[in-house]
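1. sequence unavailable; structure follows:
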């Protein structure tokens, strides 16, 4: 059974619908992420779950029971705030034990749980320190420990990694996954970083303008975006304007404007003549030197092009290719050849192709 | 040291020179004069007897013997501390909700509200105290300890509100949300978060009210009865009426020492090292 059920929830601020008719069902033990650009309503939705705000329409249910009218302090839901919100006048131990004291646990229980939790987040030696004496990553772990110690039904995390630098963020991502697996508490994670969402989540809800665009596991979100917004927001993607030429007999033929026909993975319910976009991930594009024996004519979708520009990123290089008739496409190649920074130079003529099951057709 | 460091040092010295000189001339020197005066003999017609006469220093412990030899002085000291303590406490009780309200009101209103708090300073202090004579007279409270404390509270309330407001305004509202999220009700949020975080504001407000009230002589003189004189009145009397400068100096010095001791005690009590254990 779903631990949290969000049914047709709407929250308006003046004329703006911050959350617009959202329905979601979050399963127990899940690492669920709300992903979207700033202002998409993900934080508002989180505040509705925590109880800091009430919906104008719709309802939320925790373990089947309606949450309406229950104040935040009475909900078995804890939040890890973006700013951590550690109590500056309390030591690490007192910060973490705060929810236990509020719940009226006795000193012996508190001591025991505190010890376990401090070890869980590797802060046993910092118990007597004050928040201002801690590094960013340590503060983060105190906030997590404080949110988890009382074993809430849900732990809400509001962009908790936003304030950390890249290296530390990567490390904390690993710790978060391990921690969630260990405690088994349902996490609802809010972020605008698609990379964090993909790395951490069991399922992701992509939000835009208060609405949910797609709910799926990371592979589906990344590989099979449902619409242009999701395709564009998650990672980089080539979007080519196309017209459907044939959509039957298990095959899909698309005409790319100015380029010619391509074959794509079939999809249900398409009509011949409708227009849309063909979305193709840069890493699905294969590139070879033109005329060389590595040419890729065996691929159905096969064109010639020229290297216009490239972006060397160390592990990979992103090539900006101009196909016949001026269509621009990005290709990402891993720099796997030892001792070579990149495979092609600007101006090189190349052979470009992709498999006919690569990419997705998106309706406009 | 680099050239820039040297110039930085020079600038720092030059900038801090005027206030340093000012404090040396108008604070340290008078304090030293006062310390010396407290050991001198009174002059024949008031003032001080010469420090040196017939080739030797004329110092005496007479004023201290006088002070510690008579209970009346200790009693006046004690009464002054009680009045100052009561005034501070009442100011705190009045000021806290007000400062919280101002800090919680919309940003565009706050400056106006702060202005209203300090508006009484626009009219003369004595006139405002005289107004209390008119207010308290018909109520039959004039020339009582209640009148003294009412006047003290009235005059010093802004000095409690302002530091408290400055402190409360800086509180991160997320902390209260975090406390609520973790299970704290409204009262618990106040006592566990707002109150301890406002302690620095409370301490500065307390210092700004307690210390001036201790030395205040105008209000007891105008609103209090004969039994309501405080140290301030006593000191003023030594210099203006009794013309016993050494005794006046001794009283001032002992008052300063008592306040310093109290400040040291509260600083020790509030030190983070003690809170941790």
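-> The structure has been received and is ready for your questions. All of these numbers come straight from a predicted model, not from anything done at the bench.

2. drop to CA atoms for contacts and neighbour counts, all remaining ones
-> Will do.

3. gap between residue A:147 and residue A:161?
-> 15 Å (CA to CA, to the nearest Å).

4. could you report the neighbour count for residue B:186?
-> Other residues lying near residue B:186 total 12 when counted by other CA atoms under 10 Å in any protein chain shown.

5. what's the answer for residue B:66, then?
-> Count around residue B:66 with other CA under 10 Å applied: 12.

6. all helices for chain B, in order.
-> B:3-23, B:29-38, B:62-69, B:71-104, B:107-118, B:125-139, B:145-169, B:173-181, B:186-189, B:195-215, B:218-223, B:231-240, B:245-269, B:272-276 (DSSP state H).

7. in a markdown table: those helices, plus mean pLDDT.
-> What follows is those, written out as a markdown table (pLDDT from 0 to 100):
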| stretch | mean pLDDT |
| --- | --- |
| helix B:3-23 | 85 |
| helix B:29-38 | 92 |
| helix B:62-69 | 86 |
| helix B:71-104 | 94 |
| helix B:107-118 | 93 |
| helix B:125-139 | 88 |
| helix B:145-169 | 94 |
| helix B:173-181 | 96 |
| helix B:186-189 | 96 |
| helix B:195-215 | 92 |
| helix B:218-223 | 90 |
| helix B:231-240 | 89 |
| helix B:245-269 | 88 |
| helix B:272-276 | 51 |
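
8. how about these, which one is nearest chain A?
-> helix B:173-181 (4.9 Å; CA to the nearest CA).

9. does chain A sit close to the closest one?
-> Yes: against chain A, helix B:173-181 shows contacts by CA under 8 Å from any CA of the partner chain at B:174, B:175, B:178, B:180, B:181.

10. residues touching the residue in the stretch 1-150 of chain A that chain B sits nearest to, list them.
-> Nearest residue of the stretch 1-150 of chain A to chain B: residue A:73, at 3.9 Å (CA to the nearest CA). Neighbouring residues of residue A:73 by CA atoms under 8 Å, 6 or more residues apart in numbering or on different chains: B:180, B:181, B:182, B:183, B:184, B:185.

11. mind putting the helices of chain B into a markdown table with distance to residue A:186?
-> Output for the helices of chain B, formatted as a markdown table (distance: least, CA to CA, whole Å):
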| stretch | distance to residue A:186 |
| --- | --- |
| helix B:3-23 | 56 |
| helix B:29-38 | 67 |
| helix B:62-69 | 72 |
| helix B:71-104 | 35 |
| helix B:107-118 | 38 |
| helix B:125-139 | 63 |
| helix B:145-169 | 36 |
| helix B:173-181 | 16 |
| helix B:186-189 | 27 |
| helix B:195-215 | 33 |
| helix B:218-223 | 65 |
| helix B:231-240 | 66 |
| helix B:245-269 | 44 |
| helix B:272-276 | 34 |
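
12. the closest residue in space to residue A:66 that isn't next to it in sequence and residue A:22, how far apart?
-> Using CA to CA, 6 or more residues apart in numbering or on different chains and skipping the chain neighbours, the partner closest in space to residue A:66 is residue A:60 (5.8 Å). Here residue A:60 is placed at a distance of 10 Å from residue A:22 (CA to CA).

13. of these two, which one has the most company?
-> Neighbours were counted for residue A:60 and for residue A:22 using other CA under 10 Å; residue A:60 has more, 23 against 20.

14. can you list contacts of stretch B:58-68?
-> Residues outside stretch B:58-68 that contact it (CA under 8 Å, 6+ apart) are B:38, B:39, B:40, B:41, B:50, B:51, B:52, B:73, B:74, B:246, B:247, B:250.

15. list only buried entries from those residues.
-> Restricting the contacts of stretch B:58-68 to buried positions leaves B:38, B:39, B:40, B:41, B:73, B:246, B:247, B:250, with burial counted as 16 or more other CA atoms under 10 Å in any protein chain shown.
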